[in-house]
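Novice: With the sequence up front, the predicted model follows.
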Amino acid sequence: MAKCIMIQGTMSGAGKSLLAAGLCRIFKQDGYKTAPFKSQNMSLNSFITSSGHEMGRAQVVQAEAAGVAPDVRMNPILLKPTTDVGSQVIVNGTPQGNMRAMEYYRRKREYIPAILEAYNSLSAEYDIIVIEGAGSPAEINLKQEDIVNMGLAKLVDAPVLLVGDIDRGGVFAQLYGTIALLESEERERVKGVVINKFRGDKKILDPGLEMLENLCGVLVAGVVPYTYADIDDEDSLTDRFRRNHVQKLVDIAVIRLPRISNFTDFTPFEQYENVSLRYVERPADLRQPDMIILPGTKSTVSDLLWLRQSGLEAAIQKLAAKGILVLGICGGYQMLGKTISDTEQTESSGITQISGMGLLDTETVFREQKVQTQVKGSFHSIEGRLSVLNGLSYEGYEIHMGRSEGIQLPLFGGGNVYGSYIHGFFDVPGICGAVLKSICENKGVDFDTLGTFDLKKYKEQQYDMLADTVRAGLDMDYVYRVLNREV
C-alpha cells in the first residue's frame, strides 16, 4: 500500500492545493508514482475524466503535476454550490442530486465507504498519495462529522503538515490557534507546520519560528516562498478576478457571473503578451473589447437574471449588434439562446421558463440526467468570424444538465455570435491562435505581435517552477522522514 502525507491548512486559501501539487511534482521528480487525493472538494471548477466521471479541477492539476492521468478516485466527493445554502452532490463522479447544507451535513458520513474504497484502490496502485484537506481542521462546529480533515487523517492513518498563509498576516496566530483547538489525538498527527507565501528575508522570521515550535510542540517543516508559477486556480478565491488588466492590443472580456464555473477554460489567452483577459462585473467595465465570453455557470437561470438586472445583458446585446465577437460556453451558450425551460426545477431557481438573450436561435430545456463526457473531433460547417476553425481538431469535455434544441455542432452560430457546450478546447494547440488571428484580421493588426507559446511545454515549466519553490522552502529530508513514519 502507498505511503501518504496530508496537507491541511489554517483556512481556505492558505495554499494547500498548490503545496500539494508541488509535492506531487517533487515526488515524481524523485522517481515515485504519486497520486493526489481529496475526499471532499467544494468547487465549481470541474473536469470530466476519460471514463465520463466528474471531479474537481484542483486534483486534475495535482495529477498533471504528478504526471498521471486524472482519475475520479482522486476526488470521490465533489460539491458544486447551486445557492448560498445548497449544492449538487457528486459521489464517485456521478450526481446524487441537490442537497441543502444541513441535509448534507447530516448524511455525509454515509459516504465514508465510498471515500475509503477510492482511497484504498489508489493506495494499491501508487507509491505515494498526497492528501489535501479542506478549509481548516479547527472548525469546532463541524469536527464531529468531519470526513475531509482530521476525520479522514484518522481513517487512513495519515501524518499531517499544517500550512498557514503569512501573506495575509497573522500566521503565528493561525498556526498556534489551530493546533490549540485540536484534540490531543489530532495534535499528535501534526508532524510539522509550514509557513506559506513568504516574501522577504527569512532571518527576520527565525526568532518567531523558534517560539512557534515551542508553543505548538512541533517543528517548523519549512518556510515556502511566494510562488509566481502560473498554475490554474481552483475556485473563486483566485486573484485572477481581481487583476486590474489594462486593455492591450487584443482585449477579451469574460463576464464574471456570480456562479461562474470552469473559468480555467480561457487561461490560454493569458499567455499571449499583448492579449488582455479581463473579468467584468459591471457594464462600465465592459468598455469596447474585441471579444466577449460568457462562461459556464452552475446556476444558468439565476445568473441570467443577474446579467439582466445588472445591465450587462443590454450592453452585450448592443456590442453584438456592432459586430463584436461573442462566445458562450456551456451555461453562457444557453443564455445566448431564445428560451431556457426548467419545468423539473433541476436548478431549483423557482423559475420554470425564462427568455434568453436572443442572440442565438436555440432553446434550452433542463433535464434531470446530466451530460458528462469527453469529446473530440474536427470543427466543421462554421460560418462567419470563426470559420477559421473549420478543419481544426478539438477535444474537451461536456458537463451540463440542459439540452439545447436545434443543430448540434461543436460550435453553433454564425456571423459574430457563437456557443459551445465543450469545455477545455482552447487548450488544444492551434485553436486559441486561430481565434486571435481572426480578431487581428478584423482589427487590421499583425498576429505575430501577440507572441506565441506551446501550452503543454509551458505547463510543464510551471509545474517544475512550483516544485523548485516548494523544494527550496521545505525541509524535504524531514518530509521524507514524516512520509516514512520516522517521526
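Specialist: Perfect, thanks for sending it. Computed from a predicted structure; not experimentally measured.
Novice: Let me know the average pLDDT across the helix or strand that contains residue 397.
Specialist: Following DSSP states H and E, one finds residue 397 within strand 393-405. Mean pLDDT, computed over strand 393-405, is 90.
Novice: Can you list the neighbours in contact with whichever helix or strand comes after that strand?
Specialist: Of the helices and strands lying after strand 393-405 in sequence (DSSP H and E), the nearest is strand 412-414. For strand 412-414, the surrounding residues in contact (C-beta atoms under 8 Å, 6 or more residues apart in numbering) are 333, 336, 360, 362, 382-384, 386, 404, 406, 418-420. Just so you know, the C-beta spots here come from the backbone N, C-alpha and C atoms, and that holds for glycine as well.
Novice: got the residues you listed as JSON lines, with distance to residue 134, neighbour count and secondary structure columns?
Specialist: Rendered in JSON lines, the data for the contacts of strand 412-414 read as follows (distance: C-beta to C-beta, whole Å; neighbours: other C-beta atoms under 10 Å; DSSP: H, G, I helix; E, B strand; the rest coil):
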{"residue": "333", "distance to residue 134": "31", "neighbour count": "29", "secondary structure": "helix"}
{"residue": "336", "distance to residue 134": "35", "neighbour count": "27", "secondary structure": "coil"}
{"residue": "360", "distance to residue 134": "38", "neighbour count": "23", "secondary structure": "coil"}
{"residue": "362", "distance to residue 134": "37", "neighbour count": "23", "secondary structure": "coil"}
{"residue": "382", "distance to residue 134": "42", "neighbour count": "20", "secondary structure": "coil"}
{"residue": "383", "distance to residue 134": "46", "neighbour count": "11", "secondary structure": "coil"}
{"residue": "384", "distance to residue 134": "44", "neighbour count": "14", "secondary structure": "helix"}
{"residue": "386", "distance to residue 134": "39", "neighbour count": "21", "secondary structure": "helix"}
{"residue": "404", "distance to residue 134": "34", "neighbour count": "20", "secondary structure": "strand"}
{"residue": "406", "distance to residue 134": "41", "neighbour count": "13", "secondary structure": "coil"}
{"residue": "418", "distance to residue 134": "37", "neighbour count": "25", "secondary structure": "strand"}
{"residue": "419", "distance to residue 134": "34", "neighbour count": "24", "secondary structure": "strand"}
{"residue": "420", "distance to residue 134": "32", "neighbour count": "22", "secondary structure": "strand"}
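Novice: separation between the spatially closest residue to residue 46 that is not a sequence neighbour and residue 389?
Specialist: Residue nearest to residue 46 in three dimensions, not counting chain neighbours: residue 54, with 5.2 Å by C-beta to C-beta, 6 or more residues apart in numbering. Residue 54 sits 27 Å away from residue 389, taking C-beta to C-beta, to the nearest Å as the criterion.
Novice: shaky segments in the stretch 351-487 of the chain?
Specialist: 406-408 (pLDDT under 70).
Novice: All the helices of it, residue numbers only.
Specialist: With DSSP state H, counting those that start in this stretch applied, the stretch 351-487 of the chain shows helices at 431-443, 455-473, 476-483, listed in chain order.
Novice: For residue 301, find the nearest of these.
Specialist: Between residue 301 and these, the tightest spacing by C-beta to C-beta is seen for helix 431-443, at 28.3 Å.
Novice: Just the CA coordinates for that closest one, please, in PDB.
Specialist: Coordinates of each C-alpha in helix 431-443 appear next as PDB, following Å, rounded to 0.1, in the frame of the first residue of the first chain:
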ATOM      1  CA  ILE A 431      -7.400  26.800 -31.600                       C
ATOM      2  CA  CYS A 432      -6.600  29.800 -29.400                       C
ATOM      3  CA  GLY A 433      -4.200  31.200 -32.000                       C
ATOM      4  CA  ALA A 434      -6.900  30.800 -34.800                       C
ATOM      5  CA  VAL A 435      -9.400  32.800 -32.800                       C
ATOM      6  CA  LEU A 436      -6.800  35.500 -32.100                       C
ATOM      7  CA  LYS A 437      -5.800  35.600 -35.800                       C
ATOM      8  CA  SER A 438      -9.500  36.200 -36.700                       C
ATOM      9  CA  ILE A 439      -9.600  39.100 -34.300                       C
ATOM     10  CA  CYS A 440      -6.400  40.500 -35.600                       C
ATOM     11  CA  GLU A 441      -7.600  40.300 -39.200                       C
ATOM     12  CA  ASN A 442     -10.800  42.100 -38.200                       C
ATOM     13  CA  LYS A 443      -8.700  44.800 -36.500                       C
END
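Novice: what ranges of the stretch 151-300 of the chain fall below the confidence cut-off?
Specialist: 234-245.
Novice: which residues of it fall in strands?
Specialist: Taking DSSP state E, counting those that start in this stretch as the test, the strands found in the stretch 151-300 of the chain are 160-165, 190-198, 220-225, 250-255, 260-261, 275-280, 291-294, 296-297.
Novice: mind listing what residue 371 touches?
Specialist: 398-401, 403, 421.
Novice: now do residue 338
Specialist: Contacts of residue 338 by C-beta under 8 Å, 6+ apart are 355-356, 358, 360-363.
Novice: rerun that using 10 Å as the cut-off
Specialist: 355-364, 405-406 (C-beta atoms under 10 Å, 6 or more residues apart in numbering).
Novice: same check, this time on residue 369
Specialist: So residue 369 contacts 95, 346, 401, 403 (C-beta under 10 Å, 6+ apart).
Novice: ok, now residue 36?
Specialist: 7, 17, 20-21, 23-24, 58-66, 68, 70-71, 74-75, 122, 126, 129-132.
Novice: Would you double-check that it falls in a helix?
Specialist: No - looking at residue 36 with DSSP: H, G, I helix; E, B strand; the rest coil, it is strand, so not inside a helix.
Novice: any idea what sits nearest it, other than its immediate chain neighbours?
Specialist: residue 62 (3.4 Å).
Novice: quick one: that neighbour and residue 457, what's the gap?
Specialist: Residue 62 is 19 Å from residue 457, by C-beta to C-beta.
Novice: More neighbours: these two, which one.
Specialist: Higher neighbour count among residue 62 and residue 457: residue 62, with 31 against 9, using other C-beta atoms under 10 Å.
Novice: Verify the contact between that one and residue 74 for me.
Specialist: Yes - counting by C-beta atoms under 10 Å, residue 62 does reach residue 74; the two are 7.5 Å apart.
Novice: joint contacts of those two?
Specialist: Common neighbours of residue 62 and residue 74 (C-beta under 10 Å, 6+ apart) are 35-38, 56, 68, 130, 132.
Novice: Looking at the residues you listed, which is nearest residue 279?
Specialist: Checking the shared contacts of residue 62 and residue 74 one by one against residue 279 (C-beta to C-beta), the nearest turns out to be residue 56, at 20.7 Å.
Novice: Mind telling me what element the closest residue to the closest one other than its chain neighbours is part of?
Specialist: Once flanking residues are discounted, residue 56 sits nearest to residue 41: 3.8 Å by C-beta to C-beta, 6+ apart. Using DSSP H and E, residue 41 sits within strand 40-42.
Novice: I appreciate the help and will end here.
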